[in-house]
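Student: Need a 3D model of the following:
(2 chains)
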2 protein chains.
Amino acid sequence: MDEIFSKNYPLVISNVRIDGHATDIFVDDTGVIAATGRDVRKQYAREAEFIIDGDRAIALPGLVNTHTHAAMTLLRGYADDMFLQDWLSQKIWPLEAHLTGDDVYWGAKLACLEMIKTGTTAFNDMYFFMEDTARAVGEMGISSTLSYGFIDFGDPQKREAECRATERLVSHIRSLNNPRIRAAAGPHAPYTVSKEGLRWCAEFAHEQKIGIHIHVSETEKEVNDSVAQHGKRPVAVLDECGILTPRTVAAHCCWLDEDECSLFAQRGVHASHNPISNMKLATHRAMPYPQLKAAGVNVTLGTDGCSSNNNLDMFEEMKAAALLQKFFWNDPTLLPAQEALHMATAAGAKALGFGNGTLAAGEPADLILVTAGTACNVPMHNATSNLVYSCSGSAVETVLCNGRVLMLEREVPGEQEILAGAQRAASGLVKRAGDAG
Amino acid sequence: MDEIFSKNYPLVISNVRIDGHATDIFVDDTGVIAATGRDVRKQYAREAEFIIDGDRAIALPGLVNTHTHAAMTLLRGYADDMFLQDWLSQKIWPLEAHLTGDDVYWGAKLACLEMIKTGTTAFNDMYFFMEDTARAVGEMGISSTLSYGFIDFGDPQKREAECRATERLVSHIRSLNNPRIRAAAGPHAPYTVSKEGLRWCAEFAHEQKIGIHIHVSETEKEVNDSVAQHGKRPVAVLDECGILTPRTVAAHCCWLDEDECSLFAQRGVHASHNPISNMKLATHRAMPYPQLKAAGVNVTLGTDGCSSNNNLDMFEEMKAAALLQKFFWNDPTLLPAQEALHMATAAGAKALGFGNGTLAAGEPADLILVTAGTACNVPMHNATSNLVYSCSGSAVETVLCNGRVLMLEREVPGEQEILAGAQRAASGLVKRAGDAG
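Tutor: Below you'll find the model as predicted:
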């Protein structure tokens, strides 16, 4: 059975439901959904090398996580329930100072495993040692956009080093020649990167035709500090530096005002909502989804890193988004299930440029099967409601990315080795930090 | 293997972790944890009829859900994303008008299945046709406190009928003579039950030595209406009628003020926090957990019914409680993981009177095993953090209630029949409602 995981094959997925209708899907060996319909199984019986019996499972586009720090799985549960500054300065940064490329590789492997097991087929990442993340992603078969977290704190020497690190990553990723591993510029945030650094990132991204991944207005303090330092709010600083583009994904966006929402729409910026992280770290304001939606911004969904979530389950994130928006903006009709699912699929795919996030013929076969035969899907009054409000990622049974089978009936090749390797890396990291400190 | 599910046996659970230490557990055939320790497996090898290999799983007390409407699983996903009054009057009530005892039986079976699969061993329920819920609960082996939802809207004739219905349920449950199925009085809420009705419930509960289960101050409107109608807030009305007792579980409690928190502490009332339902229905205020905690109130956790959640996973609810409290009260140190786990275990067990919710020798064997060998528990920096923030109920592999094995390695006897029966009941219900309407 392990053969099916080894490469792309022409295959049929039979007897699944799409939008409530039973259908078959034919995926060709270039990774494209070549046909869907009731007769597809018969029609392609000779061409298909494998038949996956969907057994009335629900077929969905793969979920797209538009903001995370994959290797931070290694820090899962290392420190919680603290004030942001204490948490960073006393716990996260001291540990990260001891990170190695090998640690990041194992953390990213664990992250990919977890994403596959919960139905995510593409993610947008920002961290360090990203060449090692690229190696992990390549082995796991998932799609990603990878950026080096560029932080200069206004220091010109540090800025030079960050520019070189960004260039090296982009050049390395080009050399991989894997269309499913892409580079982006990753200016960390307007409060950690100088205007010069932001401008460099914007120009470099434009020149290289790559995306930009940045944190924007997560906390009120950032906004106030920006006004004090620059005489303008963070979004105005970003716009002045050319960061707001149709290839930009802005994470968090909790403290955007209405004008900033309009500007995002004008510039074509994609917003990534990260509700669980925002609640855990107490940002005290939810992303203004109603205003972003009214302005026409493409709003997507992300889990943030595992040290502020503490998992990568996009099903949980869909539910949290719908709940937080209703609660904070005091309107239970806000962000209905259908919109949450759209954020996690088509909107995310559009933001990262991996297909259009649907199961239409001609689209890349980034698709997942969710079992209908489990309590979260019984009764089946409304499949979308069940997916968003009732199921967790554990209901996902099969995952294809770009036509390749990454999980079949919850089996992912090498799972136990990845868990053991990640545990070993995490224990070693904590030990080194303890020995040093 | 099915034999293990059939009745209580003396058994050993070997090689589990409790609070980070490896241990074995011996459960005797009366359903009590008779011994724990490293030598227990050897010591009780001859007495034990089964050995369950815990394989380094984490052993926890069974979770306790202190507020739900079990049979509402049948309405899962039937209507979402609506204003409370529209949702009730246009969707929920019209469908409930067609409910039969058989429907409730299947809904409760599905609820018990779902609770067992996610590690809950006891729940506090309020609904209709509760004799049918009792039948389902008895078959499934879980513990529960069952109340008939008493609603008179100030109508003396209706009140009489509700008193009789409450008496009938209590008498029926006594006749079952099952120590794990208990009755409570269930005055629905101060805005749906007259003072006379509340007084009757209080007196009846006192006389019968049973608990009281009630909704309190879920919405701001209830509080304002009470002041307008009675010249006092709902909690004062309840206190006047004798409802606030050490056997009372008050659900929601979003709009309690500081004096009401103190009064709850004085009266020994248990509060049930229902964060997911509160967010989904946009109550716009989170339960004042900091004030309740400061006052010394026993704060527990509940999922509410599946039509406002939409599942019964207490792991999800623990995380939501910690997230909502931090976010709403703007303090990331609030409700740390350890307190969330306490709410879902010891505090809940205390509220319902099913043991003390720990794994100490002499306690009833209400216990669950959570697998350590899955991504949500890797790395294992902090088991409690992983349980609360990273895992969902799908990480639970084995469940015992009162010493009887209800799930073993995720197998629950009769699962497929229950799913099919519940789907059939739900479809029939919708059809009858449609034919009538």
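
Student: For stretch A:321-336, measure first residue to last.
Tutor: 10 Å (Cα to Cα, to the nearest Å).

Student: Can you give me the buried ones in it?
Tutor: Neighbour-count burial for stretch A:321-336 flags A:321-329, A:332, A:334-336 (criterion: 16 or more other Cβ atoms under 10 Å in any protein chain shown). Using the backbone N, CA and C atoms, a C-beta is placed for each residue, glycine as well.

Student: which two in those residues are spaced the farthest apart?
Tutor: A:Phe328 and A:Pro336 (15.7 Å; Cβ to Cβ).

Student: hang on, the earlier thing: from the buried residues of stretch A:321-336, which are also near chain B?
Tutor: A:Ala322, A:Leu323, A:Leu324, A:Lys326, A:Phe327, A:Pro332, A:Leu334, A:Leu335, A:Pro336 (Cβ under 8 Å from any Cβ of the partner chain).

Student: just checking, which of those residues belong to helices?
Tutor: A:Ala322, A:Leu323, A:Leu324, A:Lys326, A:Phe327 (DSSP state H).

Student: Out of these, which comes closest to B:Tyr9?
Tutor: Nearest to B:Tyr9 out of those is A:Leu323 (Cβ to Cβ; 42.0 Å).

Student: Check the spacing between that closest one and A:Ala337 real quick.
Tutor: Distance, A:Leu323 to A:Ala337, by Cβ to Cβ, to the nearest Å: 11 Å.

Student: Do any residues in the helix or strand of chain A with the lowest mean pLDDT lie close to chain B?
Tutor: Lowest mean confidence among the helices and strands of chain A (mean pLDDT, DSSP states H and E): helix A:84-86, at a mean of 87. Yes. Shown here: helix A:84-86 in contact with chain B (Cβ under 8 Å from any Cβ) through A:Leu84.

Student: Just the buried residues of that helix, please?
Tutor: A:Leu84.

Student: circling back: can you put the ones in helices among the ones next to chain B among the buried residues of stretch A:321-336 in TSV and add distance to B:Tyr289?
Tutor: Shown next, in TSV, are these (distance: Cβ to Cβ, whole Å):
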residue	distance to B:Tyr289
A:Ala322	23
A:Leu323	17
A:Leu324	17
A:Lys326	20
A:Phe327	15
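
Student: now these as a markdown table including pLDDT and distance to B:Asp39?
Tutor: Compiled in a markdown table, these are given as follows (pLDDT from 0 to 100; distance: Cβ to Cβ, whole Å):
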| residue | pLDDT | distance to B:Asp39 |
| --- | --- | --- |
| A:Ala322 | 98 | 50 |
| A:Leu323 | 98 | 47 |
| A:Leu324 | 98 | 49 |
| A:Lys326 | 98 | 53 |
| A:Phe327 | 98 | 50 |
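
Student: Off-centre distance for the helix or strand following the least confident helix or strand of chain A?
Tutor: Using DSSP states H and E, the helix or strand that directly follows helix A:84-86 along the chain is helix A:93-96. Centroid separation for helix A:93-96 versus its chain: 23 Å, with Cα atoms, centre = their mean, to the nearest Å.

Student: What is whichever helix or strand comes after helix A:93-96 packed up against?
Tutor: As assigned by DSSP H and E, the chain's next helix or strand after helix A:93-96 is helix A:101-117. If you count contacts as 3 or more Cβ pairs under 8 Å, 6 or more residues apart in numbering or on different chains; DSSP states H and E, helix A:101-117 packs onto strand A:120-127, helix A:130-140, strand A:404-407, helix A:415-436.

Student: which residue packs closest to the spatially most central residue of chain A, ignoring adjacent ones?
Tutor: Residue closest to the average C-alpha location in chain A (Cα atoms, centre = their mean): A:Asn65, at 2.1 Å. Nearest residue to A:Asn65, sequence neighbours excluded (Cβ to Cβ, 6 or more residues apart in numbering or on different chains): A:Phe123, at 4.1 Å.

Student: How is the residue nearest to the centre of chain A assigned, secondary-structure-wise?
Tutor: For A:Asn65, the assignment made with DSSP: H, G, I helix; E, B strand; the rest coil gives strand.

Student: Over to A:Leu369?
Tutor: Classification of A:Leu369 using three-state DSSP returns strand.

Student: so it makes contact with A:Asn15?
Tutor: No. Counting by Cβ atoms under 8 Å, A:Leu369 stays clear of A:Asn15, with 10.5 Å between them.

Student: quick one, which of those two is more surrounded?
Tutor: Comparing A:Leu369 with A:Asn15 by other Cβ atoms under 10 Å in any protein chain shown, the one with more neighbours is A:Leu369, at 28 against 18.

Student: The more buried one bridge partners, please.
Tutor: Per DSSP bridges, the residues bridged to A:Leu369 are A:Ala59, A:Thr398.

Student: picking up where we left off before, the residue nearest to A:Asn65: what's it in contact with?
Tutor: Contacts for A:Phe123 were tallied using Cβ atoms under 8 Å, 6 or more residues apart in numbering or on different chains; they are A:Val64, A:Asn65, A:Thr66, A:Thr68, A:Ala70, A:Ala111, A:Met115, A:Ile142, A:Ser143, A:Ser144, A:Thr145.

Student: In space, what's closest to the first one - neighbours in sequence excluded?
Tutor: Nearest-residue entry for A:Val64: A:Gly348, 2.8 Å, with adjacent residues in sequence omitted and distances by Cβ to Cβ, 6+ apart.

Student: for A:Ala70, same thing?
Tutor: Excluding its sequence neighbours, the residue lying closest to A:Ala70 (Cβ to Cβ, 6+ apart) is A:Ala111, at 3.6 Å.

Student: pretty sure A:Ala59 is touching A:Asp19, no?
Tutor: No. A:Ala59 is beyond contact range of A:Asp19, at 9.4 Å (criterion: Cβ under 8 Å).

Student: Who has more neighbours out of the two?
Tutor: Using other Cβ under 10 Å, the more surrounded residue of A:Ala59 and A:Asp19 is A:Ala59, with 22 against 10.
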